[in-house]
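Trainee: what follows is a predicted protein model with its sequence.
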Amino acid sequence: DVKVTQSSRYLVKRTGEKVFLECVQDMDHENMFWYRQDPGLGLRLIYFSYDVKMKEKGDIPEGYSVSREKKERFSLILESASTNQTSMYLCASSFPGGSKDFGAGTRLSVL
Amino acid sequence: GNSVTQMEGPVTLSEEAFLTINCTYTATGYPSLFWYVQYPGEGLQLLLKATKADDKGSNKGFEATYRKETTSFHLEKGSVQVSDSAVYFCALSDVNQAGTALIFGKGTTLSVSS
């Protein structure tokens, strides 16, 4: 089974902090994705990556950056956390054109 | 641009009732279509998929048929169980863009009572 592991299930941070959300997959997938999930808005794509050191902006990249130094790891970075970034963050991975496998999610609260 | 529209919830049913969750899409090209399910406190899991017109995806008693003429991919189950209570997401992926992220609908919450 594909396993996508997100390092934290719950995080509480303060406004202005730099926040790192880590995601690791163990199936050698080329593609990795970060979404945020909010009530009434569904899932929205923040960033994705086709390969190591490659990244592409999704629909809502503002306030976020990403890092993909190794194929199996895709990090989402909030440079200066704000309260409107309180959300559920979901990481996913896949082969090109394949169905996505998701992690369990990280629920981030920014106070 | 590509988009997915699914019926708003919540959908509340009694055990053994018939379920339909409507999903329609707008897309260029020939997308693959997916249904994902999210159980409480968990991430999303692929429920079923269809990659071309008239394909039927099925899993765990759920079915959905890719209807190009009506641009629809409605999810159905003949007899729901309490354990089916979850949020269901319809999604599409444009096969002409390898690795393109899925475009999701907003999700439909299903609540099944015994």
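Mentor: It's in.
Trainee: residue B:3: how many residues sit nearby?
Mentor: Residues lying near residue B:3 (other C-beta atoms under 10 Å in any protein chain shown) number 12. C-beta coordinates here come from the backbone N, C-alpha and C atoms, glycine included.
Trainee: before we move on, what about residue A:31?
Mentor: Counted by other C-beta under 10 Å, the residues lying close to residue A:31 total 23.
Trainee: so what's it up against?
Mentor: Applying C-beta atoms under 8 Å, 6 or more residues apart in numbering or on different chains, we find residue A:31 in contact with A:48-50, A:93-96, B:99.
Trainee: 7 Å instead?
Mentor: Under the criterion of C-beta atoms under 7 Å, 6 or more residues apart in numbering or on different chains, the neighbours of residue A:31 are A:48-50, A:93-94, A:96, B:99.
Trainee: flag every residue of chain B that's near chain A.
Mentor: Proximity of chain B to chain A (C-beta under 7 Å from any C-beta of the partner chain) is limited to residues B:34, B:42-44, B:46, B:49, B:89, B:95, B:98-99, B:101-102, B:104-107.
Trainee: please tell me I have it right and residue A:12 contacts residue A:109.
Mentor: Yes - judged on C-beta atoms under 7 Å, residue A:12 makes contact with residue A:109 at a distance of 4.8 Å.
Trainee: tell me which of the two has more neighbours.
Mentor: Set residue A:12 next to residue A:109 and count neighbours by other C-beta under 10 Å: residue A:109 wins out with 14 against 10.
Trainee: from the chain's centre, how far out does the helix or strand hosting that one sit?
Mentor: Assigned by DSSP states H and E, residue A:109 falls within strand A:106-110. Remark: strand A:106-110 is offset 12 Å from the chain centroid, using C-alpha atoms, centre = their mean, to the nearest Å.
Trainee: is chain B contacted by that strand?
Mentor: No - using C-beta under 7 Å from any C-beta, strand A:106-110 stays clear of chain B, with a minimum separation of 9.3 Å.
Trainee: next, the buried residues of that strand.
Mentor: Applying a neighbour-count criterion of 16 or more other C-beta atoms under 10 Å in any protein chain shown, one finds A:106-108, A:110 buried in strand A:106-110.
Trainee: adjacent strands (with direction) for it?
Mentor: According to DSSP bridges, strand A:106-110 forms sheet pairs with strand A:10-13 (parallel), strand A:87-94 (antiparallel).
Trainee: okay, residue A:74 and residue B:38: tell me how far apart.
Mentor: Remark: distance between residue A:74 and residue B:38 (C-beta to C-beta, to the nearest Å) = 20 Å.
Trainee: counting neighbours, go ahead and name the busier of these two.
Mentor: Neighbours were counted for residue A:74 and for residue B:38 using other C-beta under 10 Å; residue A:74 has more, 29 against 22.
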